[in-house]
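Asker: Mind looking at a prediction? Sequence and model below.
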Amino acid sequence: MGQRRLGNRLKEVRTARGLTQTDLAVLVGVSRKTINTVENAVFVPSTILALTLAETLGTTVEELFFVIADGVELSARPKLRSVRWRGA
Amino acid sequence: MAGKQPSNNDGIPAHVKTRGRMMRRVAWILPGGIALIAAATAAAAFSDRAALVSSMRGQIVIGAVAGALFVYAFVMIAKYRIPPTELDSPRLVHRRMDSNQRAWRRWILIGVVVMFVALMGFMRVLPVLRAAHLLQTLAGPFITGMMLLLAFILSAGPRWSGQPGSTALPDDEFDRALRTRMMRFGYIVVMLVLSAVFLVALWQPALTLTVLIWALYAGFAVPALYYVIADWRASRANEG
């Protein structure tokens, strides 16, 4: 498996809503530095923060965050393999 | 803006009552006052041994100045560690939160520099302190106490003091992650310097005390600088 990292559209979505990093930080309840580092993909936020960001910006986590594998953006909603229960 | 705006108050419960805030300030400043009295008394008591100046009055002045620095340090701690009052707006709380982090970073850096200068001075007067038996009774515990205090402040991070759940800063994810990284780095540093002290004790026992003092300093200063630099890099503006 190649190198995987987390990408995001946080800046895009935030500016579309007309919010500054400080505004978003106030709404979410973290420091501006946290928003800054998440936007620049320096820091991977926790699930709680990701959900809070999505809720605050009126979008979904899948819209905000995605996986980049070997430089290629992957869908955040991978197709689940159907697993058949074989029983005990 | 699409979606509903959540209440600002949900995320920032860092409020205390005005009266409670005043009491907390007094509580923080109190140790500074005690340190002031202790320093002045110690200076007067030891004016005949290892004196920095010849007269007792001069010694007391020096002790008082040193104590005043303690008072100032505790006033600053009180200023930046006590949450804003409930009268402050959420935006003000957040501005204070960012400025709190910046101030904390500055204080850590000052701590690193001041401790370095203090240790340089300490090393110079080490023979005098030893001769006057002040190393074990006064200087040693003082240096150790300062070092432990700085290490505690560093590990606690920039936060307001208060009841659990009443502070906003510990919930800042990036800061928490950075401190975890710093602790990991600090652990390696401490193990390295302790190993170095052990080797010095084996090969050059006479130098053990000197190396041990600097090892203590390194255990605080190197992780502190790691944190300050990483934090500064992360906070460089990219405001859009």
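Answerer: Structure's in. What do you need?

Asker: immediately after the top helix by length along chain A, which helix or strand?
Answerer: Among all segments of chain A classified by DSSP state H, the helix with the greatest residue count is helix A:47-56. Helices and strands here follow DSSP states H and E; after helix A:47-56, the next one along the chain is helix A:61-64.

Asker: What mean pLDDT does the following helix or strand past that following helix get?
Answerer: Sequence order places strand A:65-69 as the next helix or strand after helix A:61-64, per DSSP H and E. Regarding strand A:65-69, the rounded mean pLDDT is 88.

Asker: check whether strand A:65-69 contacts chain B.
Answerer: No - interface with chain B: strand A:65-69 contributes nothing (CB under 8 Å from any CB of the partner chain), its closest point being 14.5 Å away. Where C-beta positions appear, they are placed from N, C-alpha and C, glycine not excepted.

Asker: List the neighbouring strands of that strand plus their orientation.
Answerer: strand A:4-8 (antiparallel), strand A:72-74 (antiparallel) (DSSP bridges).

Asker: in the longest helix of chain A, what's buried?
Answerer: Neighbour-count burial for helix A:47-56, with 16 or more other CB atoms under 10 Å in any protein chain shown as criterion, is recorded at A:49-50, A:52-56.

Asker: now swap in stretch B:205-222 and tell me
Answerer: Along stretch B:205-222, the positions that meet the burial threshold by neighbour count (16+ other CB under 10 Å) are B:208-209, B:211-222.

Asker: Just give me the closest of the buried residues of helix A:47-56 to residue B:192.
Answerer: Comparing these against residue B:192 with CB to CB places residue A:49 closest, at 34.1 Å.

Asker: And for the residue lying closest to the closest one once chain neighbours are set aside, the neighbour number?
Answerer: Beyond its immediate neighbours in the sequence, the residue positioned closest to residue A:49 (CB to CB, 6 or more residues apart in numbering or on different chains) is residue B:173, lying 5.5 Å away. Summarising burial for residue B:173: neighbours were counted as other CB atoms under 10 Å in any protein chain shown, giving 20.

Asker: hang on, the earlier thing: of the strands paired with strand A:65-69, which approaches residue B:66 most closely?
Answerer: strand A:4-8 (50.3 Å).

Asker: That closest one relative to helix A:47-56, how many degrees between them?
Answerer: Inter-element angle recorded for strand A:4-8 and helix A:47-56: 30 degrees (by axes from the mean of the first three to the mean of the last three CA atoms, to 10 degrees).

Asker: Run the chain-centre distance for the next helix or strand after strand A:4-8.
Answerer: The helix or strand immediately downstream of strand A:4-8 is helix A:10-16, counting by DSSP H and E. When distances are taken as CA atoms, centre = their mean, to the nearest Å, helix A:10-16 is centred 12 Å away from the chain's centroid.

Asker: Mind giving me the packing neighbours of helix A:10-16?
Answerer: Using 3 or more CB pairs under 8 Å, 6 or more residues apart in numbering or on different chains; DSSP states H and E as the contact test, the elements touching helix A:10-16 are helix A:32-39, helix A:61-64.

Asker: hmm, back to that, could you check the angle the longest helix of chain A makes with helix A:32-39?
Answerer: For helix A:47-56 against helix A:32-39, the angle by the same axes, to 10 degrees is 90 degrees.

Asker: can you dump the C-alpha coordinates of helix A:47-56 into PDB?
Answerer: Extracted in PDB, the C-alpha atoms of helix A:47-56 (Å, rounded to 0.1, in the frame of the first residue of the first chain):
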ATOM      1  CA  THR A  47     -13.200  12.500  14.800                       C
ATOM      2  CA  ILE A  48     -14.900  14.800  17.200                       C
ATOM      3  CA  LEU A  49     -13.300  17.900  15.800                       C
ATOM      4  CA  ALA A  50     -13.900  16.800  12.200                       C
ATOM      5  CA  LEU A  51     -17.600  16.200  13.000                       C
ATOM      6  CA  THR A  52     -17.800  19.600  14.800                       C
ATOM      7  CA  LEU A  53     -16.200  21.300  11.900                       C
ATOM      8  CA  ALA A  54     -18.600  19.700   9.400                       C
ATOM      9  CA  GLU A  55     -21.600  20.500  11.500                       C
ATOM     10  CA  THR A  56     -20.500  24.100  12.000                       C
END
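
Asker: And the nearest residue to residue B:181 once chain neighbours are set aside, how far from residue B:138?
Answerer: Spatial nearest neighbour of residue B:181, excluding adjacent residues (CB to CB, 6+ apart): residue B:230 at 7.3 Å. Using CB to CB, to the nearest Å, we find residue B:230 at a distance of 36 Å from residue B:138.
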